[in-house]
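Asks: just a sequence and a predicted model for now, questions to come.
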Amino acid sequence: MLKIEGKSIIELDINGQKKDVAVLPSDILLYVIREHFGLTGAKPSCENGDCGACTVLVDGWPVKSCLMLAVEAIGHKITTVEGLNNAPIQKAFIENWGFQCGYCTSGFLMVCHSLAKLHPDADEYVIEEWLQSNICRCTGYEEIRNAIKSVLSSMSK
């Protein structure tokens, strides 16, 4: 790891591309992704891990990027909403109106995408458990539930 003026140059694997970036030991992943790579889908909101607007996938699992240091992501595969590339959950959110203002949508997309990949046979309980990790202040969550259920249903065919 090369050090320059208190910063270390690290390599991160983001959306399938390896990128070098100079970071301080205290830089959180959310801001490195947004400020250094211009990937603004993960949103700063509560900045204490409660809301989930900053959710990204790390090795396929949802992680609140406001709680993870950038240096902790070395050697892991990070996927942001920009890296989903028209995943089925994105289409399902549109078809089921799974958003209103859109601020929290990227975080929900990441959680639901991961849920579909890791638990394709998820039941109501598992869906509810996973959706509790994110907060939306605009919807009643029914459209979001319908979106994930439609993806899970299409996977079981």
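Replies: The structure has been received and is ready for your questions. Numbering: from 1, shown residues only.

Asks: let me know the secondary structure of the closest residue to Pro88 other than its chain neighbours.
Replies: Leaving aside its chain neighbours, Pro88 sits nearest to Val151 (4.9 Å; criterion: Cβ to Cβ, 6 or more residues apart in numbering). Any C-beta I mention is one placed from the backbone N, CA and C, and that applies to glycine too. Here Val151 is recorded as helix under DSSP: H, G, I helix; E, B strand; the rest coil.

Asks: OK, contacts around Val151?
Replies: If a contact means Cβ atoms under 8 Å, 6 or more residues apart in numbering, then Val151 has Pro88, Ile89, Ala92, Cys112, Ala116 as its contacts.

Asks: any idea which element the second one lies in?
Replies: It refers to Ile89. helix 88-95 (DSSP states H and E).

Asks: what residues does that helix touch?
Replies: For helix 88-95, the surrounding residues in contact (Cβ under 8 Å, 6+ apart) are 84, 98-99, 105, 108-109, 112-113, 116, 144, 147-148, 150-151, 154-155.

Asks: convert that helix to PDB, retaining C-alpha atoms only.
Replies: The C-alpha coordinates for helix 88-95 follow below in PDB (Å, rounded to 0.1, in the frame of the first residue of the first chain):
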ATOM      1  CA  PRO A  88     -34.900  -8.000 -12.900                       C
ATOM      2  CA  ILE A  89     -35.500  -6.100  -9.600                       C
ATOM      3  CA  GLN A  90     -35.100  -2.800 -11.400                       C
ATOM      4  CA  LYS A  91     -37.800  -3.600 -13.900                       C
ATOM      5  CA  ALA A  92     -40.000  -5.000 -11.100                       C
ATOM      6  CA  PHE A  93     -39.700  -1.700  -9.200                       C
ATOM      7  CA  ILE A  94     -40.900   0.200 -12.300                       C
ATOM      8  CA  GLU A  95     -43.700  -2.200 -13.000                       C
END
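
Asks: in that helix, which residues are buried?
Replies: By neighbour count with 16 or more other Cβ atoms under 10 Å, helix 88-95 contains the buried residues Pro88, Ile89, Gln90, Ala92, Phe93.
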